[in-house]
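Trainee: Kindly generate the corresponding structure for this input.
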Amino acid sequence: MTGIYYDPYDFEIDTDPHPVWRRMRDEAPLYRNDRYEFWALSRFEDVASALADWRTYSSARGTLLELLRSRAPIPPGTILFEDPPLHDAHRALLARLFTPRRIAALEPQVRAYCARSLDPLIGSGRFDFVADLGAQMPMRVIGMLLGIPEQDQEELRDGIDAGLSLAESGPGRPPYAEGEGGGLFPTARFAEYIEWRRKHPSDDLMTELLYARFVDDQGIERTLRDDELLGYIALLAGAGNETTTRLIGWTGYLLDRFPDQRRLVAEDRRLVPNAIEEILRYEAPSPVQGRYVTRDVELHGTRVPEGSTLLLLNGSANRDERAFEDPDRLDVRRRNVRHLSFGYGIHFCLGASLARLEGCVALDEVLSRWPEWEVDHAQAVMAHTSTVRGWKRLPARIERSSPGRASGPGAARSR
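Mentor: Below you'll find the predicted structure:
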């Protein structure tokens, strides 16, 4: 372990953590960071096993390192930060609203939002995968689902970004989210929308959550309390914006880095869904998951005591040579892409099908207009946040004369 240092708050490491993660997998599969007092697992088998064992590796105190270290109270309704039985009751309610049929029915609207973002850029010679699409389409989709007025959607997205963004840390001090003390999400604004919807019901998820009945962990049938409802709405808005934005940014970046793979997808759109899975494997939008250790455990011959903080590096696990052949090669034809980017076990991302749909449609629509692009690396800027990893700006040079929208096979569909 000599010479290995991993720090999720270090911007230089965060820019490209894969060399450090590779050394950790080989030399320190159980890693210890004394500065921030956490342990970390980096191999696929270890990470998948820990993600599935919620009794030993609990989410109930948060899944972000700073939340786990602060021991701050977790707001109710945030199912990412809950364990059974409460987690099961809350998740079952949300699962009723995110059925495969309901998600599939969103495709025409997702394509319309993409066209709204992309068509004005035809002939411009430049296009930013994040600013022009990744930060726009997911925001419109989740805003539409929740019933947030369109004129307020950008302000809310920017508030979520600010809550997750990290500042450079000083000596001996970890970076904290901007607007420190204000929480991760602009919950005051969400409370206003909830009150409005209570008086003016509509056909959206917020209204459904207001009136949906479920059986809670105490066996009582009821509707959500206001604090639970606020947790739900904040979680949906944050997750619906951030991870898909990063996925779209990585799509633009990686298919520029591997142009042969981009050309394969451009020539055969049936590869779009598999390409998105491979991109999710190659660069996980949310690559680090924190857990609280509920009992003493032995990992790789070392005792990890009860009360410890453990980081599960699913972004590292996705590149583990023990689980994937030639893992550092992007291969849009790779078979059985079993990645951990959406988690594993009871906390598997409920919004995975929506993120897949949005990622597939975004790639399909971009290729219909510009089958070739070149990232302007000098102007690209990486975002550094407490929970997701990806690009803040990713401008690309594109053809000034678009080939026009291709009449492809319509392969961009959620699995």
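
Trainee: And for Val297, nearest residue in space, chain neighbours not counted?
Mentor: Val304 (5.1 Å; Cβ to Cβ, 6 or more residues apart in numbering). Where you see a C-beta, it was placed from the backbone N, CA and C, and this is true even at glycine.

Trainee: Contacts only, for that neighbour.
Mentor: Counting by Cβ atoms under 8 Å, 6 or more residues apart in numbering, Val304 touches 30, 39, 293, 296-298, 310.

Trainee: With Val110 instead?
Mentor: By Cβ under 8 Å, 6+ apart, the neighbours of Val110 are 137, 141, 357-358, 361.

Trainee: what about the nearest residue to it once chain neighbours are set aside, distance to Arg55?
Mentor: Distance criterion Cβ to Cβ, 6+ apart; nearest residue to Val110, sequence neighbours excluded, is Val361 at 4.7 Å. Val361 sits 38 Å away from Arg55, going by Cβ to Cβ, to the nearest Å.

Trainee: pLDDT of stretch 133-149, averaged?
Mentor: Mean pLDDT, computed over stretch 133-149, is 86.

Trainee: And it, end to end?
Mentor: Terminal residues of stretch 133-149 lie 19 Å apart, using Cα to Cα, to the nearest Å.

Trainee: got a winner among the contacts of Val304 for most neighbours?
Mentor: Counting neighbours by other Cβ atoms under 10 Å, the top entry in the contacts of Val304 is Leu310, with 22 neighbours.

Trainee: Quick check: that residue is in a strand.
Mentor: Yes. Assessed with DSSP: H, G, I helix; E, B strand; the rest coil, Leu310 lies in a strand.

Trainee: Report the contact partners of it.
Mentor: 38-41, 50, 57, 290-293, 304.

Trainee: can you list those in CSV and add secondary structure?
Mentor: Formatted as CSV, the contacts of Leu310 follow (three-state DSSP):
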residue, secondary structure
Phe38, strand
Trp39, strand
Ala40, strand
Leu41, strand
Ala50, helix
Tyr57, strand
Gly290, strand
Arg291, strand
Tyr292, strand
Val293, strand
Val304, strand
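
Trainee: ok, so of the residues you listed, who is nearest Ala115?
Mentor: Gly290 (38.5 Å; Cβ to Cβ).

Trainee: Tell me the bridge partners for the closest one.
Mentor: For Gly290, the beta-bridge partners under DSSP bridges are Leu311.

Trainee: State the number of residues packed around it.
Mentor: The number of residues packed near Gly290 is 23, by other Cβ under 10 Å.

Trainee: And it, how close does it get to Arg32?
Mentor: Gly290 sits 15 Å away from Arg32, going by Cβ to Cβ.

Trainee: do Phe98 as well
Mentor: Phe98 sits 38 Å away from Arg32, going by Cβ to Cβ.

Trainee: try Ser117
Mentor: Distance, Ser117 to Arg32, using Cβ to Cβ: 45 Å.

Trainee: Between those two, which has more neighbouring residues?
Mentor: A count of neighbours by other Cβ under 10 Å puts Ser117 above the other of Ser117 and Arg32, at 21 against 14.

Trainee: so what's that one up against?
Mentor: 132-133, 136-137.

Trainee: So what touches stretch 10-24?
Mentor: The contact list for stretch 10-24 (Cβ under 8 Å, 6+ apart) reads 4-8, 31, 40, 42, 168, 287, 313, 315-316, 319, 328, 382, 384, 389.

Trainee: Now that stretch - C-alpha only, CSV.
Mentor: Provided in CSV are the C-alpha atoms of stretch 10-24 (Å, rounded to 0.1, in the frame of the first residue of the first chain):
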residue,chain,number,x,y,z
ASP,A,10,-8.7,15.8,-4.4
PHE,A,11,-9.5,17.5,-7.7
GLU,A,12,-6.4,16.2,-9.5
ILE,A,13,-7.3,12.6,-8.5
ASP,A,14,-11.0,13.2,-9.4
THR,A,15,-10.0,14.3,-12.9
ASP,A,16,-8.7,10.8,-13.6
PRO,A,17,-9.0,8.4,-10.7
HIS,A,18,-8.5,5.3,-12.7
PRO,A,19,-4.7,4.9,-12.3
VAL,A,20,-5.1,5.2,-8.5
TRP,A,21,-8.1,2.8,-8.5
ARG,A,22,-6.1,0.3,-10.5
ARG,A,23,-3.3,0.3,-8.0
MET,A,24,-5.8,-0.1,-5.2
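
Trainee: So which bits of it are buried?
Mentor: Going by neighbour count (16 or more other Cβ atoms under 10 Å), the buried part of stretch 10-24 is 10, 13-14, 17-18, 20-24.

Trainee: same deal with stretch 30-41?
Mentor: Of all the residues in stretch 30-41, those buried under the rule 16+ other Cβ under 10 Å are 30-31, 33, 36, 38-41.

Trainee: Including distance to Tyr344 and pLDDT, could those residues go into CSV?
Mentor: Formatted as CSV, the buried residues of stretch 30-41 follow (distance: Cβ to Cβ, whole Å; pLDDT from 0 to 100):
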residue, distance to Tyr344, pLDDT
Leu30, 19, 98
Tyr31, 20, 98
Asn33, 23, 96
Tyr36, 24, 94
Phe38, 20, 97
Trp39, 19, 98
Ala40, 17, 98
Leu41, 13, 98
